[in-house]
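Q: Just a sequence and a predicted model for now, questions to come.
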Amino acid sequence: MNENSQSVRRSAARLGAVQALYQIETADATPDTVIREFIDIRLGSEIEGVEYADADPEFFTDIVRGVYGQLEDIDAKINGALSGSWVTARLDRTLRQILRAGAYELMARIDVPSRVIINEYVDVTHSFYENQEPGFANGVLDKLSRELRPGELKDGTSKGKGKGK
């Protein structure tokens, strides 16, 4: 598989992970049930005229399980990056899942450079929002990146190594 194809599959996995995290929270479903549904039915399929991109199932699963395995720590990190009286519980449900997935990757996926993670989740945010939310997500993830990976981001560029996406 070429690098471009892998990056497209990882981008689709990130978008699918945010959707799965949303479903887990709204339906009070278990992560394993939703992961199985997405892998078996949604990822790479067409449902009601909407074609889901072919996603990297292992990467998708890692994000969803990782977020739920470290949810309290992730929310605490996000809360620390939010301004004023904002906490994750006050955020729009979709935006909360985007930040959780991005925070998880920043914490656990050191094989992916910070700038790639931030850009990917800003793109995911654009899939759901048209107003200020993408800039908000960028700011929170940038702040988290500087805390979790000090020195990796410098003047808008990443020193991260690896194939990224």
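A: All right, it came through fine.
Q: what about L141, distance to A12?
A: The gap separating L141 from A12 is 19 Å, by C-beta to C-beta, to the nearest Å. (Each C-beta comes from the backbone N, C-alpha and C, glycine too.)
Q: Have a look at these two and say which one is more surrounded.
A: L141 (27 against 19; other C-beta atoms under 10 Å).
Q: pLDDT-wise, which helix or strand of this structure ranks last?
A: Lowest mean confidence among the helices and strands of the chain (mean pLDDT, DSSP states H and E): strand 157-158, at a mean of 42.
Q: Point out where this structure drops to low pLDDT.
A: 1-4, 42, 44-53, 155-165 (pLDDT under 70).
Q: which parts of the longest helix anywhere in it are buried?
A: Counting residues, the longest helix in the chain under DSSP state H turns out to be helix 3-27. Going by neighbour count (16 or more other C-beta atoms under 10 Å), the buried part of helix 3-27 is 7-25.
Q: which residues are contacting it?
A: 1, 29-31, 34-35, 38, 42-43, 52-57, 59-60, 63-64, 67-68, 93-94, 96-98, 100-101, 120-121, 123-124, 127, 163-165 (C-beta atoms under 8 Å, 6 or more residues apart in numbering).
Q: can you do 6 Å?
A: Outside helix 3-27, the residues within contact range by C-beta atoms under 6 Å, 6 or more residues apart in numbering are 31, 34, 38, 43, 53, 55-56, 59-60, 63-64, 67, 94, 97-98, 101, 120, 124, 165.
Q: Alright, that wraps it up for me.
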